[in-house]
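J.: Based on what follows, work out the 3D shape:
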Amino acid sequence: MNKKKILAEVVLNARKDKNISQRSLEKETGIDRADISRIENGKRLKPSSLILRSLAISLNLDYINLLELAGYSDIQIKNATAEYEPPNIQIKEVAKTETRQKLKQGTITIDELMEKIKDGTINKEEFQLILSREKGVIIKKESLEDN
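T.: Next up, the predicted model:
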């Protein structure tokens, strides 16, 4: 199978697995929706390393694998990844976005939310802010103070 076709499928499947639209991915990554569509349809020949990095972070994909699938040479991959460390802030923002999405869908438990506090993905204040923004979500403050 063609590497471009595989790149397209990897990105498309990851977006669908995350259950977000191209428009949502555009907002999350800053990548134009038309570019996302071209990548997912195999029409974008070689997305920039910055675009691939944003997709990797947002869709929780392996950045180096995306570079390889896009046809980058070993030297280009080495240069693109030489100073690359996934920014913790962006990873946390993605985790927060996923948490908010799960809250809206009703697919996250209080235990999962508490685990996100314990592992540092979100802090108690962020947790309370997330909950305050979501309609119909009620949690007793005491359960936050127990941890």
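J.: send the alpha carbons of stretch 55-62 over as CSV?
T.: Provided in CSV are the C-alpha atoms of stretch 55-62 (Å, rounded to 0.1, in the frame of the first residue of the first chain):
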residue,chain,number,x,y,z
LEU,A,55,-1.5,16.2,14.4
ALA,A,56,0.7,13.9,16.4
ILE,A,57,0.1,15.9,19.6
SER,A,58,-3.6,16.4,19.1
LEU,A,59,-4.4,12.8,17.9
ASN,A,60,-1.9,11.1,20.2
LEU,A,61,0.1,9.7,17.2
ASP,A,62,3.8,8.9,16.9
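J.: mind listing what's buried in that stretch?
T.: Within stretch 55-62, the residues scored as buried using 16 or more other C-beta atoms under 10 Å are 55, 56, 57, 58, 59, 61. Using the backbone N, CA and C atoms, a C-beta is placed for each residue, glycine as well.
J.: how about the third one, secondary structure?
T.: With DSSP: H, G, I helix; E, B strand; the rest coil as the basis, the three-state label of residue 57 is helix.
J.: how close does it sit to residue 51?
T.: 11 Å (C-beta to C-beta, to the nearest Å).
J.: Name the residues contacting each of the two.
T.: residue 29 (C-beta atoms under 8 Å, 6 or more residues apart in numbering).
J.: residue ranges with poor pLDDT in this protein?
T.: Counting by pLDDT under 70, the chain has low-confidence residues at 1-4, 83-96, 99-100, 103-106, 108-110, 121-147.
J.: Show me the helices in it, by range?
T.: Taking DSSP state H as the criterion, the chain carries its helices at 3-18, 22-29, 33-40, 49-59, 63-69, 74-81, 88-105, 110-118, 124-133, 141-145.
J.: could you give the angle of the first one to helix 22-29?
T.: Going back to what we said before, that points to helix 3-18. If you take axes from the mean of the first three to the mean of the last three C-alpha atoms, to 10 degrees, helix 3-18 sits at 90 degrees to helix 22-29.
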